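Undergrad: Sequence and predicted structure are below.
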Amino acid sequence: MTNVTDKNNAFSEFERSGWNSTASVYDSHFGKHTTKYCSALLDATNISSGFKVLDMACGPGYVSAAATQREAIVLGIDFAPNMIAEAKAKHPSINFQTDNAEQLSLADNTFDAVVMGFGMLHLAQPEAAALEANRVLVPEGRFGFSVWGVPENVCIGTGIILRAMQDHANMDLDLPEGPPMFRFADRDESTRLLDQAGFINIEVQLVEQAWILENATDLLDTFQEAGVRAGAVLRAQSAEVMQKIREQVVADA
């Protein structure tokens, strides 16, 4: 029988390996869209000049770069070394290092703000990351994270992909089980997470953006080439199945 620790470790390694593999193509796919949310995340945490900021699950460093433009002092961390390499190459003047958001190697009471852009849904133990964010914050520091909305009527592009996978894909794959991907799209779940980690004055905000695509096939290519959970499923399908998925995605998009 697999225990909880083994299950969490398997999912964490799956995610780390996935982001290492897709690090070089993330910028040309999801990066075109996720960068649009940086300002809202920094506004929510009141980041300004002189703030010491920790960017957890920093990926290629988009949030770190946006915080630096506000003259903050930034450290970006990610558990995928290849993502850290991408971040350093794109933003050589910013400090980045490999670290685990669920068990940081950083001292208590160090940062004025902690941010995480679309990283929470990729963690095996998001509760641990929220506790770590609280630990490294100074008293009255702020923590903000972004996640995707529900695919049914908010995160529409993701909904198109997931429906096509459900209709056509072979889902009987030996992939590690992780937390529900859209758990924190529920306001109550996000609030509960932060409350249990010791945060107060909790706010949840819906930020709407349009994802502009060059053509309908770009949507599927993004998830297939640069995704981890969905990407692993799509890359495991036969050419015949992928053709059916592609036709449905194009029609729906």
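TA: Yes, it's here.
Undergrad: Would you give the sheet partners of the strand or helix carrying Val53, along with the direction of each?
TA: Following DSSP states H and E, one finds Val53 within strand 52-56. Within its sheet, and counting by DSSP bridges, strand 52-56 is paired with strand 73-78 (parallel), strand 111-117 (parallel).
Undergrad: Just put those strands in TSV and tack on mean pLDDT.
TA: Shown next, in TSV, are the strands paired with strand 52-56 (pLDDT from 0 to 100):
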stretch	mean pLDDT
strand 73-78	98
strand 111-117	98
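Undergrad: Deepest-packed of these, please.
TA: Ranked by average neighbour count under the criterion mean count of other CB atoms under 10 Å, those are headed by strand 111-117 at a mean of 26. C-betas here are computed from N, CA, C, even on glycine.
Undergrad: helix or strand right after it?
TA: helix 126-136.
Undergrad: which is the next helix or strand following that following helix?
TA: Next helix or strand after helix 126-136 toward the C-terminus (DSSP H and E): strand 137-146.
Undergrad: other SSEs contacting the very next helix or strand once past that following strand?
TA: Once the chain leaves strand 137-146, the next helix or strand it forms, by DSSP H and E, is helix 156-168. Here helix 156-168 touches helix 217-226, helix 229-235, helix 239-252, going by 3 or more CB pairs under 8 Å, 6 or more residues apart in numbering; DSSP states H and E.
Undergrad: any idea which residue of the protein is furthest from its center?
TA: Glu240 (30.6 Å; CA atoms, centre = their mean).
Undergrad: Return the set of buried residues in the top helix by length along the chain.
TA: The longest helix of the chain (DSSP state H) is helix 4-26. Within helix 4-26, the residues that qualify as buried are 8, 10-12, 14-16, 18-23, 26, counting by 16 or more other CB atoms under 10 Å.
Undergrad: any residues touching the next helix or strand after that helix, and which ones?
TA: The element immediately downstream of helix 4-26 (helix or strand, assigned by DSSP H and E) is helix 31-34. Helix 31-34 has contacts (CB atoms under 8 Å, 6 or more residues apart in numbering) with Gly59, Pro60, Tyr62, Gly117, Phe118, Gln209, Trp211, Ile212.
Undergrad: hmm, 10 Å instead?
TA: 25-27, 59-60, 62-63, 86, 90, 117-118, 146, 148, 157, 209-214, 218, 222, 226 (CB atoms under 10 Å, 6 or more residues apart in numbering).
Undergrad: Take that helix, keep the C-alpha atoms, and write them as CSV.
TA: Only the C-alpha atoms of helix 31-34 are listed here, as CSV (Å, rounded to 0.1, in the frame of the first residue of the first chain):
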residue,chain,number,x,y,z
GLY,A,31,4.4,32.6,-20.9
LYS,A,32,2.5,34.7,-23.4
HIS,A,33,-0.6,34.5,-21.1
THR,A,34,0.7,34.2,-17.5
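Undergrad: Report the distance from that helix to the chain centre.
TA: Here helix 31-34 is found 11 Å from its chain centre; the criterion is CA atoms, centre = their mean, to the nearest Å.
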